[in-house]
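> what's the 3D shape of this:
(one chain, ligands or ions: 1)
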Amino acid sequence: GAGPDLAGRHVVVSAGGTREPLDPVRFLGNRSSGKQGYALARTAAARGARVTLVSANSALPKPAGVDLVHVGSARELHEAVTEAAADADAVVMAAAVADFRPASYAGGKIKKKDGQDPEPLALVRNPDILAGLSADRPRAGQVVAGFAAETDDVLAHGRAKLAAKGCDLLVVNEVGESKTFGAEENEAVVLGADGSETAVPHGPKEALAETVWDLIAQRFPGQG
Ligand code: PMT
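The predicted structure is shown next:
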């Protein structure tokens, strides 16, 4: 830790994985546990920040000293992050957000019909929260960071994603069915819009979180 270097700052962190409901009992989801986002929230609080943690479907206990907002779907996450970001110095999108959701929601449980093939599942796009925040910053000098979860050609995809999303920092990590998702540890390369690349070796998710806050703090207006 770097001491209370985030004192007086409001930071927003998203964590966990969205669930896109199909009917009252089913959803499309992903394998995020929330551990990386909660580690970011805990470390920012320990460094003195006021923290709003927007958490999607994580089973983790509430970290002490953070404001916790629970959400389910990508659209709920979008609304909660946008509201909290209005007066934030930094936003970090660690949540795994569904790019698509079912085109329609069935008010009653979808039934199988005897002898019939299932209907194909129609999907529509969700808003890109990170790209939207990066393009329309509610506050001048707000620092916006995202994550890129990749399974192959990790750095190449990460560099392309940084350009597409328009954020200041992108934390590129490799994921698999049990790689990074749900694990206690992570490793990453943090790409900066200024061309910087910071490699963070395999270690606790808190250690990666500390590096992310170091890089964010350097980018606050008036810092060097
Ligand atoms: O929760 P854990 O089990 O600890 O696992 C951690 C993690 C793997 C979930 C985390 O480290 C991580 O990589 N989070 C981002 C997952 C993700 O959605 O990656 P992506 O490459 O699909 O999205 C890129 C960025 O855009 C992310 O910051 C994401 O939050 C954001 N996004 C994506 C889609 C969308 N519609 N809106 C967004 O804002």
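> For the most centrally placed residue in the chain, which residues are in contact?
The chain has Ala94 as the residue nearest its centroid, 2.2 Å off, counting by C-alpha atoms, centre = their mean. By C-beta atoms under 8 Å, 6 or more residues apart in numbering, the contact set of Ala94 is 13-15, 36-37, 40, 147, 171. Any C-beta I mention is one placed from the backbone N, CA and C, and that applies to glycine too.
> any idea how far Glu83 is from the nearest residue to Val91 once chain neighbours are set aside?
In space, and not counting its chain neighbours, Val91 is closest to Val12: 4.6 Å by C-beta to C-beta, 6 or more residues apart in numbering. From Val12 across to Glu83, the span is 9 Å (C-beta to C-beta, to the nearest Å).
> So Phe220 is in contact with Asp89, correct?
Yes. The pair formed by Phe220 and Asp89 meets the contact definition of C-beta atoms under 8 Å, at 6.5 Å.
> The two: which has the busier surroundings?
For Phe220 and Asp89, the more surrounded residue by other C-beta atoms under 10 Å is Asp89, and the numbers stand at 21 against 16.
> Enumerate every residue touching that one.
Contacts of Asp89 were listed using C-beta under 8 Å, 6+ apart, and they are 9-11, 139, 141-143, 220.
> quick one: which of those is most hemmed in?
Most surrounded of the contacts of Asp89: other C-beta under 10 Å gives Val11, at 27 neighbours.
> Output the helix or strand encompassing that residue in PDB, but only the C-alpha positions, please.
Here Val11, judged by DSSP states H and E, is contained in strand 10-16. Coordinates of each C-alpha in strand 10-16 appear next as PDB, following Å, rounded to 0.1, in the frame of the first residue of the first chain:
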ATOM      1  CA  HIS A  10     -14.300   9.200  -4.900                       C
ATOM      2  CA  VAL A  11     -13.800   6.000  -6.900                       C
ATOM      3  CA  VAL A  12     -16.300   3.700  -8.500                       C
ATOM      4  CA  VAL A  13     -15.500   0.000  -9.000                       C
ATOM      5  CA  SER A  14     -17.700  -2.600 -10.800                       C
ATOM      6  CA  ALA A  15     -17.300  -6.200  -9.900                       C
ATOM      7  CA  GLY A  16     -18.900  -9.600 -10.600                       C
END
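> I am finished for the moment; much appreciated.
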